[in-house]
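Engineer: Please find the sequence and the predicted model below.
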Amino acid sequence: MVWLALAFLSAALLGCYDSFKKKSLRDNAVIPVLFLNTLFSSLIFLPFIILSATTTWLDDTIFCVASGGWEVHKYIVLKSCIVLSSWTFGYFAMKHLPLTIVGPINATRPVMTLVGALAIYGEQLNAWQWAGVLLAILSFFLLSRSGKKEGIDFKHDKWVYFLVLAAALGAASGLYDKYLMAPVDSGGAGLDRMMVQSWYNIYQMAMMGCVLAWVWWPVRHRTAPFRWDWAIVCISIFLRAVDFVYFYALTIPDAMISVVSMARRRWVVVSFIFGAVFFHEKNLKAKAVDLALVMLGMLCLWIGGH
């Protein structure tokens, strides 16, 4: 079950990523932060693209980026649109909501992915894995109830709707990833993992560059000002590490997208600690009990995966 271990590693890295994202967005302009994230992410992968296209140094390594024409890149452009839409809604929500509230709402993402995986890929879960799913759903409702104690009305708060929409788009991206990675003879697109991971960052940077120039720049003096924070660089570094581990897990033949997606929700533990220690968020005792249910659900998934 190497793919499941990689899913949990991706979760730990994802928790650090979300914590740095929260820090960089505090009292800051969202669009420039998001653009810089795509810029730094592209710079990380650009050397691999260039070296793969011009030399043989990376041949037969996991860092080699395959080449392809529009018949391949059209799939990557679509992925870029889905992910960037999810990030945009998620970044705005992250800025305005507590980190310990963002976690439980995002915890619904694997459930959304599960429904899609059952409908599209015909994946089947055993009893332990179903127990993990049900515990994750229960923990979401219990944690979200804590939001009311902080004046966050889930029915009327637009940032909650932003976060739910971001989660839904993220789930759609997860299902699409499985299709992109699957071999052609299995009904997938059969794309190279590094090619997808590298180029979708490039396309996102181009899209965000247009948004920055045409949407944010003309009104920058009437919105929240942008300030530099080194946490912005950390966002890109940790996210790229998360994606690398995640994509590698999906390329393993027996990997189940529903379980991989659910196991990654373990990041909420890391973000919870950051929210408590660095952001001094409230209602921690009640949220810690609910968080224990999340971890119990992850344990059920681990047992069910063996």
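Structural biologist: On my side now, so go ahead.
Engineer: Need the mean per-residue confidence for the helix or strand hosting residue 197.
Structural biologist: Counting by DSSP states H and E, the element that carries residue 197 is helix 193-211. Helix 193-211 carries an average pLDDT of 93.
Engineer: so what does the helix or strand just after it touch, helix or strand wise?
Structural biologist: Counting by DSSP H and E, the next helix or strand C-terminal to helix 193-211 is helix 231-251. Under the contact criterion of 3 or more Cβ pairs under 8 Å, 6 or more residues apart in numbering; DSSP states H and E, helix 231-251 touches helix 2-25, helix 30-54, helix 158-181, helix 193-211, helix 257-263. Glycine gets a C-beta too; all of them are placed from N, C-alpha and C.
Engineer: Identify each buried residue in the second one, please.
Structural biologist: This means helix 30-54. The neighbour-count check on helix 30-54 (16 or more other Cβ atoms under 10 Å) flags 30-42, 44-45, 48-49, 51-52 as buried.
Engineer: To residue 244, which of the helices and strands packed on helix 231-251 lies closest?
Structural biologist: With Cβ to Cβ as the criterion, residue 244 lies closest to helix 193-211 of these, at 6.6 Å.
Engineer: how about the closest one as CSV, C-alpha atoms only?
Structural biologist: This file holds the C-alpha atoms of helix 193-211, laid out as CSV (Å, rounded to 0.1, in the frame of the first residue of the first chain):
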residue,chain,number,x,y,z
ARG,A,193,2.6,12.9,-14.5
MET,A,194,5.5,15.4,-14.7
MET,A,195,4.1,16.9,-17.9
VAL,A,196,0.7,17.6,-16.2
GLN,A,197,2.3,18.9,-13.0
SER,A,198,4.7,21.2,-14.8
TRP,A,199,2.6,22.6,-17.5
TYR,A,200,-0.6,23.3,-15.5
ASN,A,201,1.5,25.6,-13.4
ILE,A,202,2.6,27.5,-16.5
TYR,A,203,-0.9,27.9,-17.7
GLN,A,204,-2.2,29.0,-14.3
MET,A,205,0.5,31.7,-14.1
ALA,A,206,-0.5,33.0,-17.6
MET,A,207,-4.2,33.1,-16.5
MET,A,208,-3.5,34.8,-13.2
GLY,A,209,-1.2,37.3,-14.9
CYS,A,210,-4.2,38.4,-17.0
VAL,A,211,-6.4,38.6,-13.9
